[in-house]
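J.: predicted model, plus sequence, below.
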Amino acid sequence: MWRGIATVLLLCVSNIFMTFAWYGHLKLQEMKISDGWPLILVILFSWGLAFFEYCAQVPANRIGFAENGGPFNIVQLKVIQEVVSLTVFTLAVAVFFKGQSLQWNHFVAFGLLIAAVFFVFLK
């Protein structure tokens with residue numbers, strides 16, 4: 001059981017870094033911090049954050065993978081990762097990008113991903 005919990009927690013950490021790597025530069029630009037940065041600097045900044053994403057993502061997959069003694073097969077790991085990613089992204093949008101509103105269709109899509117988790121774990 002601890003391997004499953006550790007996997008999900010590491011995926012959460014990984015996706016926090018991923019969200020900031022992919023979208024954090026947009027918030028920095030909005031805050032006028034990175035307005036003048038050349039694209040290569042923005043890319044290097046994002047890569048620097050992505051390093052920490054991988055430092056959590058790779059162990060999460062190794063710990064959680066059934067062939068390594070974990071509770072999840074590879075498809076389950078991917079679906080869990082996608083749901084965690086969407087959850088972290090949704091929270092980041094709600095907290096950091098106040099001008100972006102979530103619509104009903106976003107919540108329907110999120111519900112469908114939760115349904116995907118149900119189906120991927122169905123025996």
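T.: Perfect, I can see it now.
J.: any idea how far N68 is from P59?
T.: As judged by Cβ to Cβ, to the nearest Å, P59 and N68 stand 11 Å apart. C-beta coordinates here come from the backbone N, C-alpha and C atoms, glycine included.
J.: among those two, which residue is more densely surrounded?
T.: Taking other Cβ atoms under 10 Å, P59 and N68 do not tie; P59 has more neighbours (16 against 11).
J.: my read: the more buried one touches L10, true?
T.: Yes. If you go by Cβ atoms under 8 Å, P59 and L10 touch, sitting 5.7 Å apart.
J.: next, the spatially closest residue to M1 that is not a sequence neighbour: phi, psi?
T.: The shortest distance from M1 to any residue other than its chain neighbours is 7.8 Å, reached at P71 (Cβ to Cβ, 6 or more residues apart in numbering). When read as degrees, to the nearest 10, the backbone of P71 gives phi -90, psi 0.
J.: P71: how many residues sit nearby?
T.: 16.
J.: how much space separates it from Q57?
T.: 17 Å.
J.: sorry, back to before: quick one: contacts for the residue nearest to M1?
T.: P71 is in contact with 1, 3-4, 7, 64, counting by Cβ atoms under 8 Å, 6 or more residues apart in numbering.
J.: let's have those in TSV, adding pLDDT and distance to F97.
T.: What follows is the contacts of P71, written out as TSV (pLDDT from 0 to 100; distance: Cβ to Cβ, whole Å):
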residue	pLDDT	distance to F97
M1	90	36
R3	96	34
G4	96	31
T7	98	28
G64	97	30
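J.: what about this protein, which residue is the most distant from its middle?
T.: G36 (27.6 Å; Cα atoms, centre = their mean).
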